[in-house]
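# coords please:
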Amino acid sequence: MSIKLIAIDLDGTLLNENHQITPSVKQAIHRAKKQGVHIVLASGRPFTGIQRYLQELALDETNSYCISNNGSVVHQAYGGEHLLENLLDFEDYLFFESLSREIGVHLHALEFNKIYTANRDISPYTVREAFLTDTPLIYCPVNEMDRGMHFTKLMMIDQPNILSDAINFIPAEAYKHYTLIQSSPYFLEILSKEVNKGTAVKAVADYLGITRDKIMCIGDHNNDLTMIEFAAVGVAMGNAEQGVKDIAQFITTTNEQDGVAIAINKFL
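Here you go, the predicted structure:
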């Protein structure tokens with residue numbers, strides 16, 4: 001098997017608990033690049049939250065790509081130009097903004113590289129997300145927002161026990177028309193129905209002319225399931241959720257133990 005494309009999740013996978021890339025992981029990625037392997041960072045973060053790591057790994061160059069917002073946008077890694085996008089519109093936003101108030105959770109919306117919230121009591125998890133991803137946070141009441149806006153994703157956010165209870169009240173109809181992924185105990189991400197990391201990795205591979213049997217994907221959470229299932233070599237981190245480990249071909253060590261480097265070195 002000759003791996004030509006490696007898609008790597010960020011949080012809990014590429015990054016350790018201090019949101020850093022360890023020297024061993026950098027070395028493994030640089031070695032893969034020298035062998036002509038395309039490295040694709042695939043994250044739930046917006047492009048602003050991925051860009052610094054593209055630069056750190058010298059992936060911000062032409063003919064290099066990344067995936068943001070759990071697959072709703074595929075970017076040119078250099079400059080962030082959109083190669084592919086699948087967005088939500090203002091009517092989608094209105095539906096979930098109203099639903100979030102009904103079931104008692106906070107909500108924010110990502111409009112490319114900005115986060116909007118209509119919650120006066122802005123959630124600390126929204127503030128944390130804005131800080132970690134270097135994304136401007138804007139408070140704006142619903143009636144003052146531009147109805148022509150489109151969104152890469154919406155996020156219901158709250159304390160884990162509150163969010164968990166609220167999810168039980170989301171109507172079944174929502175699951176028919178949207179992709180809903182709980183990407184952490186305090187985030188429920190809402191995307192266009194066709195959006196996931198698996199379809200985004202396939203789009204990048206098709207664009208590069210790389211077949212499925214030459215793809216490796218590495219992740220740790222539910223939002224990584226589709227790309228791990230799609231890849232010929234699906235790798236679960238040692239710290240991954242059990243559902244991710246169950247479908248992976250290989251389980252590496254944790255993100256604190258250079259798990260990405262171990263996986264790359266094993267298969268390359």
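# how near is the closest residue to Leu10 other than its chain neighbours to Ala77?
Leaving aside its chain neighbours, Leu10 sits nearest to Ser43 (4.2 Å; criterion: C-beta to C-beta, 6 or more residues apart in numbering). (Each C-beta comes from the backbone N, C-alpha and C, glycine too.) Relative to Ala77, Ser43 is positioned 12 Å away (C-beta to C-beta, to the nearest Å).
# who touches both of the two?
Residues touching both Ser43 and Ala77 (C-beta atoms under 8 Å, 6 or more residues apart in numbering): Cys66.
# and those two? Which one has more around it.
Legend: neighbour count by other C-beta atoms under 10 Å for Ser43 and Ala77, higher for Ser43 (27 against 24).
# let me know the pLDDT of the more buried one.
At Ser43, the predicted lDDT confidence score is 96.
# so what's it up against?
Going by C-beta under 8 Å, 6+ apart, the list of residues near Ser43 reads Asp9, Leu10, Asp11, Gly49, Ile50, Cys66, Ile67, Ser68, Asn70.
# what about the third one, how many residues close to it?
Residues within reach of Asp11, counting by other C-beta under 10 Å, total 20.
# ok, now the last one?
Taking other C-beta under 10 Å as the neighbour definition, Asn70 ends up with a count of 27.
# quick one: it is in a strand?
No: assigned with DSSP: H, G, I helix; E, B strand; the rest coil, Asn70 falls outside any strand and is helix.
# isn't it up against Leu191?
Yes: proximity of Asn70 to Leu191 meets the contact threshold set by C-beta atoms under 8 Å, at 6.0 Å.
# need the residues touching each of these two.
Lys153, Ile181.
# mind picking out the helix or strand in this structure with the poorest mean pLDDT?
strand 178-184 (a mean of 91; mean pLDDT, DSSP states H and E).
# show me what that one is packed against.
strand 187-192 (3 or more C-beta pairs under 8 Å, 6 or more residues apart in numbering; DSSP states H and E).
# buried residues of whichever helix or strand comes after the strand it packs on, list them for me.
The helix or strand immediately downstream of strand 187-192 is helix 197-208, counting by DSSP states H and E. Buried residues in helix 197-208, counted by 16 or more other C-beta atoms under 10 Å: Lys197, Gly198, Thr199, Ala200, Val201, Lys202, Ala203, Val204, Ala205.
# okay if I get the residues you listed as TSV plus distance to Val127?
Below are these laid out as TSV (distance: C-beta to C-beta, whole Å):
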residue	distance to Val127
Lys197	26
Gly198	31
Thr199	31
Ala200	27
Val201	31
Lys202	34
Ala203	32
Val204	32
Ala205	36
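# quick check: the two most widely separated of these?
Greatest spatial distance in the buried residues of helix 197-208: Lys197 and Ala205, 12.3 Å, computed using C-beta to C-beta.
# tell me the angle the least confident helix or strand of the chain makes with strand 187-192.
Angle between the axes of strand 178-184 and strand 187-192 is 160 degrees (criterion: axes from the mean of the first three to the mean of the last three C-alpha atoms, to 10 degrees).
# which residue sits closest to Ile67, ignoring its sequence neighbours?
Ile67 sits nearest to Ala42 (C-beta to C-beta, 6+ apart), 4.0 Å away.
# OK, contacts around that neighbour?
Going by C-beta under 8 Å, 6+ apart, Ala42 touches 7-10, 66-67, 71, 197, 200-201, 217, 219, 224, 227.
# mind checking which of those residues are in helices?
Among the contacts of Ala42, the members found in helices (DSSP state H) are Lys197, Ala200, Val201, Met227.
# can I get those residues in JSON lines with pLDDT and distance to Leu88?
Converted to JSON lines, the ones in helices among the contacts of Ala42 look like this (pLDDT from 0 to 100; distance: C-beta to C-beta, whole Å):
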{"residue": "Lys197", "pLDDT": "97", "distance to Leu88": "17"}
{"residue": "Ala200", "pLDDT": "97", "distance to Leu88": "16"}
{"residue": "Val201", "pLDDT": "98", "distance to Leu88": "21"}
{"residue": "Met227", "pLDDT": "98", "distance to Leu88": "21"}
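# run a quick neighbour tally on His30.
Count around His30 with other C-beta under 10 Å applied: 13.
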